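predicted model and sequence below, questions to follow.
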Amino acid sequence: MQKNVYFYAGTAFVMALLVWGFRVSEDMKERTTYLESTLESIDNKIQTQNNLIAGKAFYMPGTACTIRASAEQTPEDILTYARACATAHQEWITEQEIAREIAELESESR
């Protein structure tokens with residue numbers, strides 16, 4: 001009888017460890033995915049800024065975007081430079097929306 005109690009207690013303990021291990025594993029997968037996504041986002045932002053700063057893409061807010069396209073640039077490079085312009089344009093649009101909201105708030109407070 002005593003052996004059965006130890007057997008069942010041991011089995012329950014092992015099962016609890018397996019469930020806990022599975023939960024920890026799933027949590028680590030979620031955290032790893034989140035961190036990888038965050039790092040990729042940061043890398044994209046850095047790459048975008050580097051392309052704009054290096055003069056590979058010239059963005060003139062609200063006007064135009066010029067992309068360097070010599071024989072040295074590959075089609076993938078051109079897409080990367082276009083992404084830099086698109087990101088800069090999105091930032092400009094966001095700035096315009098914020099400025100518009102501030103102007104509306106100021107006019108309402110008068």
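Sure thing, it's come through.

gap between residue 87 and residue 32?
26 Å (C-beta to C-beta, to the nearest Å). Just so you know, the C-beta spots here come from the backbone N, C-alpha and C atoms, and that holds for glycine as well.

those two: which is more packed in?
residue 87 (19 against 10; other C-beta atoms under 10 Å).

before we move on, which element is the residue most central in space within the chain in?
Most central in the chain under C-alpha atoms, centre = their mean is residue 41, positioned 3.3 Å from the mean C-alpha point. Element membership of residue 41, judged by DSSP states H and E, is helix 2-53.

helices or strands next to the next helix or strand after that helix in the packing?
Per DSSP H and E, the first helix or strand lying C-terminal to helix 2-53 is strand 57-60. Applying 3 or more C-beta pairs under 8 Å, 6 or more residues apart in numbering; DSSP states H and E, we find strand 57-60 packed against helix 2-53, strand 64-67, helix 75-109.

of the ones you listed, which stretch is the most buried?
strand 64-67 (a mean of 14; mean count of other C-beta atoms under 10 Å).

helix or strand with the lowest mean pLDDT in this structure?
helix 2-53 (a mean of 74; mean pLDDT, DSSP states H and E).

contacting residues around the residue nearest to the centre of the chain?
For residue 41, no residue meets the contact criterion (C-beta atoms under 8 Å, 6 or more residues apart in numbering).

again, but for the one 3 residues further on
For residue 44, the contacting residues are 83, 87, by C-beta under 8 Å, 6+ apart.

repeat the analysis, applying 10 Å as the threshold.
80, 83, 84, 87 (C-beta atoms under 10 Å, 6 or more residues apart in numbering).
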